[in-house]
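In: Here's a sequence, model it:
(one chain, ligands or ions: 1)
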Amino acid sequence: MTTLANHLPTAELQALDAAHHLHPFTKGDELNEKGARVITGAKGVWLRDSEGTEILDGMAGLWCVNIGYGREELAEVAARQMKELPYYNTFFQTTHVPALMLAKKLAELAPGDLNHVFFANGGSDANDTNIRLVRTYWAEKGQPERDVIISRWNAYHGSTIGGTSLGGMKGMHGQGSLPIPGIEFIDQPHWWAEGGDMTPEEFGLERARQLEEKIKEVGPEKVAAFIGEPIQGAGGVVVPPSTYWPEIQRICKKYDILLIADEVICGFGRTGNWFGSQTLGIEPDIMTVAKGLSSGYAPIGASIISDKVAKVLDGTEFNHGYTYSGHPVACAVALENLRILEEDGVIKHVQNVAAPHLKEKWEALADHPLVGEAKIVGMMASIALTPDKATRAEFATDAGTVGYICRERCFANNVIMRHVGDRMIISPPLTITPEEIDILIERARKSLDECLEQIR
Ligand code: PLP
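Out: Reported below is the predicted structural model:
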């Protein structure tokens, strides 16, 4: 059997890594200078690195390890499935039990008439599927010119060509001549950064109404769909004002535009319900899911589609699919993960214990001299760092410099928090205990103190 060289000294592992491994979203020279932190194991909410340091993972990996690390049941299910049927595809009128049972379970859990599941490998390619799906839907309805999808600046919908195009990250568009044609953008509902003198409620309406303006500008007969994360995650845990989603919903209905809720982060308990759409009162036609679907134990994503959309597609062969669409091992792992979320009461733990405790402690961080607003929904939260709370001012340094310093202090204090510009964000495993939340907050506060000290 292959053995992994965990026993090599850290410096050697880092040198091998820097020499051969290209990292996502990482500057090569940073790796050469400092080396990557080598993570060798994990249990619950705790990561362990090659030096034996225990680190509290305030991000659940990349917002995905909802049930926490080290659940043996998932490893056992994966091993059993690998022995029984390690692979078969679901193309050309074949199926297998893990895929069909997972589709059935997702149809049960998803709100409304979202009863049909197309499997992908993760969130990005599920969103690529969505682009083709909605365009095929309108073509089948005899309106092929309806192919424009409206998204938002600073949205994140993945890293493939389609996902990057749907996302509103200008730095990503700049690499690879994106977006592809037929994607339009409106501004995000980020009151803290862009709300000016408006109240959050006024601002929420103003931003939602940009959708109507955009539809009129493009021509309603050309617009296929609107896509949005219920709460923007990678954009900085941007919680929209309460007026925002109801107005978006109204506009989509008025113009008969399909509404795609990208639930890749918000799904599977993160916001306190199974899906963010339920927390925010959204009724999507399509949901993108991934991450928490398997708690990151196996790569899998999906588009969950309403009866209305599925009915139209029924008449055609959708010439689309991935070798690993509905991979049996990933599906079996996801099913076991959903069982744990449900039967072990993880979602109930979020509702009754973890989210209320985290909310109380997180919102108290707003007292810190460096912190402007503290926002939280369920188990995803952000704080804005600012030199002046009253005016919501930005730092004079380049955006993100102070956030970066703060993130580095968090690293040093053995808690993982991410920074998006000068916003610090968390999204811990849903299984986190109140005691662990207290440790997280204590380390966050210490890191904020040290950051403040450093920039004075
Ligand atoms: N959509 C959202 C909202 C995400 O946050 C992400 C990843 O962070 C994706 C899509 C892309 O998912 P993946 O990285 O699994 O391709």
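In: pretty sure Leu62 contacts Ala290?
Out: No: Leu62 lies out of contact with Ala290 (CB atoms under 8 Å); the separation is 10.2 Å. (Each C-beta comes from the backbone N, C-alpha and C, glycine too.)
In: If you count surrounding residues, which of the two has more?
Out: Ala290 (28 against 15; other CB atoms under 10 Å).
In: Model confidence for the more buried one, exactly?
Out: Note for Ala290: predicted pLDDT of 98.
In: That one touches Phe119, doesn't it?
Out: No: contact criterion CB under 8 Å: Ala290 and Phe119 do not qualify, at 10.3 Å.
In: what residues does the chain put near the ligand?
Out: Counting by CB under 6 Å from any ligand atom, the chain comes close to the ligand at 62, 122-124, 127, 156-158, 163, 229, 233-234, 262, 264-265, 290, 301.
In: Report the closest residue of the stretch 101-250 of the chain relative to the ligand.
Out: Gly123 (2.4 Å; CB to the nearest ligand atom).
In: burial of Leu313, as a residue count?
Out: 16.
In: tell me the contacts of His349?
Out: Leu430, Thr431 (CB atoms under 8 Å, 6 or more residues apart in numbering).
In: cool, Phe91 as well?
Out: Gly321, Ser325.
In: mind listing the strands for the stretch 1-150 of the chain?
Out: Here the stretch 1-150 of the chain has its strands, by DSSP state E, counting those that start in this stretch, at 39-43, 46-49, 54-57, 114-120, 148-152.
In: Tell me which strands the last one pairs with, and in which orientation.
Out: Sheet pairing of strand 148-152 (DSSP bridges) gives strand 183-186 (parallel), strand 223-228 (parallel).
In: Rounded mean pLDDT for that strand, please.
Out: pLDDT averaged over strand 148-152 gives 98.
In: Kindly report the same for the longest one.
Out: The average of the pLDDT scores along strand 114-120 is 98.
In: residues in contact with that strand?
Out: Under CB under 8 Å, 6+ apart, the answer for strand 114-120 is 90, 99, 102-103, 106-107, 126, 128-129, 133, 284, 286-287, 290, 300-307, 309-310, 318, 322, 325-327, 331.
In: Helices of the stretch 201-350 of the chain, start to end?
Out: Assignment of helices within the stretch 201-350 of the chain using DSSP state H, counting those that start in this stretch yields the ranges 244-254, 276-280, 307-313, 328-343, 346-349.
In: Could you provide those helices in a markdown table, with additional columns for mean pLDDT?
Out: Shown next, in a markdown table, are the helices of the stretch 201-350 of the chain (pLDDT from 0 to 100):
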| stretch | mean pLDDT |
| --- | --- |
| helix 244-254 | 98 |
| helix 276-280 | 98 |
| helix 307-313 | 97 |
| helix 328-343 | 98 |
| helix 346-349 | 97 |
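In: Which of the ones you listed sits closest to Arg146?
Out: Arg146 lies closest to helix 307-313 among these, at 12.2 Å (CB to CB).
In: what's the offset of that closest one from the middle of its chain?
Out: 26 Å (CA atoms, centre = their mean, to the nearest Å).
In: hang on, the earlier thing: how about the helices of the stretch 201-350 of the chain in a markdown table, adding distance to Asn32?
Out: A markdown table is the format used below for the helices of the stretch 201-350 of the chain (distance: least, CB to CB, whole Å):
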| stretch | distance to Asn32 |
| --- | --- |
| helix 244-254 | 43 |
| helix 276-280 | 39 |
| helix 307-313 | 48 |
| helix 328-343 | 34 |
| helix 346-349 | 40 |
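In: Is the residue of the stretch 101-250 of the chain closest to the ligand in contact with Cys266, as I believe?
Out: No: checked against CB under 8 Å, the pair Gly123 and Cys266 is beyond contact range at 11.2 Å.
In: Which of these two has more residues huddled nearby?
Out: Cys266 (32 against 28).
In: low-scoring stretches of this protein, by residue?
Out: 1-3, 5-6 (pLDDT under 70).
In: Show me which helix runs longest in it.
Out: helix 434-455 (DSSP state H).
In: residues near Met101, how many?
Out: For Met101, using other CB under 10 Å, the count is 14.
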